[in-house]
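Enquirer: sequence and computational prediction follow.
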Amino acid sequence: MICVSIGRSRLRHMMAEHKQLVDAGATLVEMRLDYIAGTVQIKKLLEGRPSPIIATCRREEDGGRFAGSEEDRVQILRMAIAEGVDFVDLEEDTAALIPRFGKTKRIVSYHNFEKTPDDLDAIHARLAAQDADIVKIATMANTPRDNVRMLELVKSAKQPTIGLCMGEIGTPSRILAGKFGSPFTFATFHHERALAPGQLSYQEMCEVYHYNEINANSDVYAVIADPVGHSLSPLIHNAALHEQGIDAVYLPFRVPPNNLAEFFEDAPKLGIRGVSVTIPHKETAIKFVDKMDRAVREIGALNTIVMTDEGRVGYNTDARAVLDSLAHQMHGAENEDFLRDRNALVLGSGGVARAVTYALARRGARVEICGRTQERAEELAKHFDCQTVRWSARQGTGCDILINGTPIGMHPNVDETPLAKHHLKPSMVVFDTVYNPETTLLAKEARSQGCTVVSGLDMFIRQAALQYKLFTGHNAPLDLMRETLRRAIGPARV
């Protein structure tokens with residue numbers, strides 16, 4: 001179950017949002033009474049309520065907004081209980097001052113906005129001793145392991161327990177709460193009005209992660225990055241899993257570089273069966289696989305890890321996606337030699353450029369590397385036995401195929417392009433690996449010059465579809481994934 005937190009300064013707005021949420025399917029809401037300006041009219045709030053309510057009045061030191069006296073705050077909570085609120089949220093010290101009354105269930109809670117303490121079991125025992133129907137512990141996650149510790153506490157607790165980690169690193173604990181036995185998790189009414197760090201909206205929890213369908217047996221897939229909040233992979237993978245009725249969920253994990261080893265150590269505890277790997281982990285994650293495919297060995301980077309009975313297996317689906325995307329657009333591409341002896345200029349020297357160079361070189365193209373950092377470009381060129389072009393000389397190469405492997409032109413810098421329009425010739429194939437927006441300035445100008453244009457969105461979907469097949473064994477619904485991504489980036493962002 002998802003409990004949706006509502007915090008508005010006016011009572012009528014709070015009541016209106018409550019009704020709107022119930023109409024949208026919500027079955028439990030938390031009324032943050034500390035947000036209400038002026039007198040809190042408990043009776044009016046509870047009369048004719050369309051769903052059960054948790055009454056919460058949080059002090060400023062506990063992350064709330066109540067600035068009055070402690071005596072006044074306790075009185076508000078007592079009044080909510082007297083009026084028959086369904087649940088009341090009480091901090092540990094407050095619970096000792098307010099005895100049980102009527103049918104109101106008691107949630108006794110602990111919040112820590114700085115860290116996830118080492119003594120979670122002891123904290124839980126203290127809270128449970130305060131005549132709690134439900135224990136709630138919410139702490140700040142500073143490492144991915146904090147999620148594991150919190151969820152294992154929830155799973156092992158003999159009393160109903162809500163255990164959540166806050167912040168971007170803590171997001172997985174909010175989505176996996178039910179899988180580990182939490183009676184409910186928390187979401188916010190709207191993604192722009194989160195009432196706690198890292199809180200997702202009710203819409204995201206329902207429509208992206210399908211929270212109420214996650215169960216103890218659900219498989220978990222992950223994308224790991226640092227940062228990870230911008231990733232659109234959860235949108236397309238979860239849409240595909242839901243469409244095909246696969247009992248699994250795909251989550252974003254923010255994993256700082258120094259926590260990579262412990263992430264892979266802890267992954268089995270969360271039921272993680274597969275991992276999408278992106279910046280900055282594509283090269284370092286190779287250390288944590290037991291086997292790898294040829295592409296990973298030769299590129300020196302991976303973007304996919306599958307957990308098997310024999311260990312972790314690493315793959316690189318970017319290179320295959322590059323070739324498939326080019327083949328889809330280039331005339332006569334059904335021929336295995338469609339790139340042979342073509343002159344290709346790869347802009348960039350990062351992970352994408354590595355995969356692109358590997359793919360082109362294997363098919364016989366003559367590749368030149370042009371990176372903004374000459375040292376990195378030379379290292380990449382040496383690795384694949386290619387030539388380099390200085391960044392300042394990129395405009396005059398006269399290549400057959402131009403591939404942008406840099407983030408130039410990516411949202412929000414949509415007015416930038418790595419190559420001036422007048423250097424684009426009708427005979428050229430222009431492949432921009434940037435997919436947000438779908439039509440970059442480079443792609444738009446290349447199309448206006450009569451070039452063959454290959455979309456970064458196409459490559460992104462193809463590499464994701466290959467990952468999906470490795471994860472689940474099912475062919476991905478390409479059209480659904482493509483349309484889901486297009487809706488997410490939207491015309492306003494093109």
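Expert: The structure has been received and is ready for your questions. Residues are numbered from 1 along each chain as shown.
Enquirer: okay, domains of the chain per the record?
Expert: Following the assignment in automatic domain parsing, the chain carries domains at 2-216, 241-316+461-493, 336-454.
Enquirer: adding mean neighbour count, mean pLDDT and distance to Q329, write the ones you listed out as JSON lines.
Expert: Every residue, glycine included, has its C-beta placed from N, CA and C. Formatted as JSON lines, the domains of the chain follow (neighbours: other C-beta atoms under 10 Å; pLDDT from 0 to 100; distance: least, C-beta to C-beta, whole Å):
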{"stretch": "domain 2-216", "mean neighbour count": "18", "mean pLDDT": "95", "distance to Q329": "30"}
{"stretch": "domain 241-316+461-493", "mean neighbour count": "18", "mean pLDDT": "95", "distance to Q329": "12"}
{"stretch": "domain 336-454", "mean neighbour count": "19", "mean pLDDT": "93", "distance to Q329": "5"}
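Enquirer: need those in a markdown table with distance to L326, can you?
Expert: Listed next are the domains of the chain as a markdown table, based on distance: least, C-beta to C-beta, whole Å:
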| stretch | distance to L326 |
| --- | --- |
| domain 2-216 | 31 |
| domain 241-316+461-493 | 11 |
| domain 336-454 | 6 |
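Enquirer: how far away is R447 from P407?
Expert: Distance, R447 to P407, by C-beta to C-beta, to the nearest Å: 21 Å.
Enquirer: same question but for Y202, I mixed them up
Expert: Distance of Y202 to P407, given as C-beta to C-beta: 32 Å.
Enquirer: over to S427?
Expert: 27 Å.
Enquirer: if we can go back for a sec, right, and the domains of the chain - which one's nearest V223?
Expert: Proximity of the domains of the chain to V223 was assessed by C-beta to C-beta; the nearest stretch is domain 241-316+461-493, lying at 4.1 Å.
Enquirer: measure the closest residue to H423 other than its chain neighbours to R354 for me?
Expert: The shortest distance from H423 to any non-neighbouring residue, by C-beta to C-beta, 6 or more residues apart in numbering, is to Q395 (4.9 Å). From Q395 over to R354 the distance is 23 Å, taken as C-beta to C-beta.
Enquirer: please apply the same query to R174.
Expert: 35 Å.
Enquirer: try A16
Expert: A16 is 53 Å from R354, where distance means C-beta to C-beta.
Enquirer: ok, longest helix in this structure?
Expert: Longest helix in the chain, counting residues (DSSP state H): helix 456-472.
Enquirer: what angle sits between the helix or strand just after that helix and helix 456-472?
Expert: Downstream of helix 456-472, the next assigned helix or strand under DSSP states H and E is helix 478-489. Counting by axes from the mean of the first three to the mean of the last three C-alpha atoms, to 10 degrees, helix 478-489 points 120 degrees away from the direction of helix 456-472.
Enquirer: what packs against helix 478-489?
Expert: Contact analysis of helix 478-489 by 3 or more C-beta pairs under 8 Å, 6 or more residues apart in numbering; DSSP states H and E lists helix 233-243, helix 456-472 as its packing neighbours.
Enquirer: contacting residues around the residue nearest to P407 when sequence neighbours are not counted?
Expert: Spatial nearest neighbour of P407, excluding adjacent residues (C-beta to C-beta, 6+ apart): V434 at 6.6 Å. Listed by C-beta atoms under 8 Å, 6 or more residues apart in numbering, the contact partners of V434 are 404, 407-410, 440, 442, 456.
Enquirer: which single one of the residues you listed is nearest to E265?
Expert: Nearest to E265 among those is P407, at 31.5 Å by C-beta to C-beta.
Enquirer: next, give phi and psi for the closest one.
Expert: The phi/psi pair for P407 (degrees, to the nearest 10) reads phi -80, psi 10.
Enquirer: how far away is it from Q467?
Expert: From P407 to Q467 the distance is 21 Å (C-beta to C-beta).
Enquirer: likewise D133?
Expert: 43 Å.
Enquirer: what do you get for N217?
Expert: N217 is 22 Å from Q467, where distance means C-beta to C-beta.
Enquirer: now do Q130
Expert: Taking C-beta to C-beta as the measure, Q130 and Q467 are separated by 47 Å.
Enquirer: can you put the helices and strands packed on helix 478-489 in a markdown table and add distance to Y315?
Expert: Formatted as a markdown table, these follow (distance: least, C-beta to C-beta, whole Å):
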| stretch | distance to Y315 |
| --- | --- |
| helix 233-243 | 15 |
| helix 456-472 | 6 |
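Enquirer: tell me which of those lies nearest to D290.
Expert: Evaluated over the helices and strands packed on helix 478-489, closeness to D290 peaks at helix 456-472, with 15.2 Å, by C-beta to C-beta.
Enquirer: picking that back up, and the contacts of V434, which of them are in strands?
Expert: Counted as lying in strands by DSSP state E, out of the contacts of V434, are N404.
Enquirer: partner residues bridging A344?
Expert: Counting by DSSP bridges, A344 forms beta bridges with V367, I401.
Enquirer: now do the same contact list for the closest residue to A239 other than its chain neighbours.
Expert: Nearest non-adjacent residue to A239, counting by C-beta to C-beta, 6+ apart: T484, 4.4 Å away. T484 sits next to 235-236, 239 when contact means C-beta under 8 Å, 6+ apart.
Enquirer: elements contacting the helix or strand containing R376?
Expert: Using DSSP H and E, R376 falls within helix 374-384. On a contact count with 3+ C-beta pairs under 8 Å, 6+ apart, helix 374-384 meets helix 351-362, strand 366-370, strand 387-388.
Enquirer: what residues are up against the residue lying closest to K269 once chain neighbours are set aside?
Expert: Nearest non-adjacent residue to K269, counting by C-beta to C-beta, 6+ apart: V148, 5.3 Å away. Contact analysis of V148 by C-beta under 8 Å, 6+ apart lists 266, 269-270.
Enquirer: sec struct for V148, please.
Expert: Recorded secondary structure, V148: helix (DSSP: H, G, I helix; E, B strand; the rest coil).
Enquirer: next one: the one 5 residues further on
Expert: Reduced to three states with three-state DSSP, the structure at L153 is helix.
Enquirer: wait, isn't it in contact with T161?
Expert: Yes - applying C-beta atoms under 8 Å as the test, L153 and T161 come out as touching, 6.9 Å apart.
Enquirer: shared neighbours of those two, anything?
Expert: 124, 137.
Enquirer: if we can go back for a sec, out of the domains of the chain, which gets nearest to G229?
Expert: The nearest among those, by C-beta to C-beta, is domain 2-216 at 5.8 Å.
Enquirer: end to end, how far does the closest one reach?
Expert: End-to-end distance for domain 2-216: 16 Å, by C-alpha to C-alpha, to the nearest Å.
Enquirer: from the chain's centroid, how far away is that domain?
Expert: Centroid displacement of domain 2-216 relative to its chain, using C-alpha atoms, centre = their mean, to the nearest Å, is 22 Å.
Enquirer: stretch 467-481 too?
Expert: For stretch 467-481, the distance to the chain centre is 18 Å (C-alpha atoms, centre = their mean).
Enquirer: so how far is the first residue of that stretch from its last?
Expert: Terminal residues of stretch 467-481 are spaced 13 Å apart (C-alpha to C-alpha).
Enquirer: contacts for it, please.
Expert: Residues contacting stretch 467-481 (C-beta under 8 Å, 6+ apart): 221, 236-237, 239-241, 243-244, 246, 248, 273-274, 276, 303-304, 306, 315, 317, 461-462, 464-465.
Enquirer: again, but for stretch 202-217
Expert: With C-beta under 8 Å, 6+ apart as the test, stretch 202-217 has contacts from 1-2, 4, 21, 24-26, 174-176, 178-181, 185, 187-189, 191, 200, 234-235, 238, 242, 247, 249, 251.
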